[in-house]
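1. next one to model:
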Amino acid sequence: MGIKRILFGCLCLICMSIGVHSVFGEELPHERFENPTVITSDGGVVFDYTKNIAIFTDNVVVKDDQGVLKADKMKVFFDAKGSSMKRIEAFGHVFIDQGGRQAESQKLLMLVPSGKIILTGNPRIKQGVDTYSAQKITILKKSNRIIFEPKAKLMIFQQKKDQIF
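-> As a prediction, the model looks like this:
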């Protein structure tokens, strides 16, 4: 075989592996999207295509540009096309980290399109040294609201200034 045939074969393999469109300057499908959501689990994942659900077990971690979500088990429900997440249910040692704010509970229900998150099972949110808790915490991301109900407890620490009493 001549060197030209070997080089041509290598070029063909490269074009197939990275996509012919990117070689000629066209945008690849993944280049149209921003940061992906990455889900990993130590126990694995089971896809049920008839129900459009993925079940992740054992040390499940979800990372995206908004933060990190961790749980013992997680169910992810997709739309009929399987292209976007509709709902996430997380169970056991649920932990959310968004940089300056962390939340923990035993159960989480996230309605992805609306941005609504419901935490139950001894839920609490910690921001800096302040802690907020209730029997149920509802986070409404789109309207930037958090609802604590019932039995809300807020522990807010203030810097010492002039004392009132």
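
2. okay, CA-based contacts and neighbour counts for the rest of this
-> Fine.

3. look up the closest residue to the residue nearest in space to the middle of the chain, ignoring the ones flanking it.
-> Nearest residue to the geometric centre of the chain (C-alpha atoms, centre = their mean): residue 62, 4.2 Å. Closest residue to residue 62 apart from its sequence neighbours, by C-alpha to C-alpha, 6 or more residues apart in numbering: residue 39 at 4.4 Å.

4. name the helix or strand for the residue nearest to the centre of the chain, please.
-> Using DSSP states H and E, residue 62 falls within strand 53-64.

5. from start to finish, how long is stretch 106-124 in a straight line?
-> By C-alpha to C-alpha, to the nearest Å, the extent of stretch 106-124 from end to end equals 10 Å.

6. just to revisit the earlier point, now for whichever helix or strand comes after the strand holding residue 62, which elements pack on it?
-> Using DSSP H and E, the helix or strand that follows strand 53-64 in sequence is strand 67-78. Here strand 67-78 touches strand 53-64, strand 85-97, going by 3 or more C-alpha pairs under 8 Å, 6 or more residues apart in numbering; DSSP states H and E.

7. pLDDT weak spots in the chain?
-> 1-34, 161-165 (pLDDT under 70).

8. map the structural domains onto the sequence of the protein.
-> Here the domain parsing of the chain from automatic domain parsing is 1-33, 36-155.

9. just say which of those is most tucked in.
-> domain 36-155 (a mean of 17; mean count of other C-alpha atoms under 10 Å).

10. contacts for stretch 77-94, please.
-> With C-alpha atoms under 8 Å, 6 or more residues apart in numbering as the contact definition, stretch 77-94 has outside contacts at 52-54, 69-76, 104-113.

11. coming back round to it: give the contact list for the residue nearest to the centre of the chain.
-> 37, 38, 39, 40, 68, 69, 70.

12. may I have stretch 139-159 as CSV, with CA atoms only?
-> The C-alpha coordinates for stretch 139-159 follow below in CSV (Å, rounded to 0.1, in the frame of the first residue of the first chain):
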residue,chain,number,x,y,z
ILE,A,139,-38.6,26.2,45.4
LEU,A,140,-40.1,28.2,42.5
LYS,A,141,-37.0,28.9,40.3
LYS,A,142,-38.7,31.0,37.7
SER,A,143,-40.3,33.4,40.1
ASN,A,144,-37.3,33.3,42.5
ARG,A,145,-39.5,32.3,45.5
ILE,A,146,-39.2,29.7,48.2
ILE,A,147,-42.2,28.5,50.3
PHE,A,148,-41.6,26.8,53.7
GLU,A,149,-44.7,25.0,55.1
PRO,A,150,-45.8,24.0,57.6
LYS,A,151,-43.8,24.4,60.8
ALA,A,152,-41.2,26.7,59.2
LYS,A,153,-38.1,27.5,61.2
LEU,A,154,-35.6,30.1,60.1
MET,A,155,-32.2,30.5,61.9
ILE,A,156,-30.8,33.8,60.7
PHE,A,157,-27.5,35.1,62.2
GLN,A,158,-26.8,38.8,62.1
GLN,A,159,-23.5,40.5,62.7
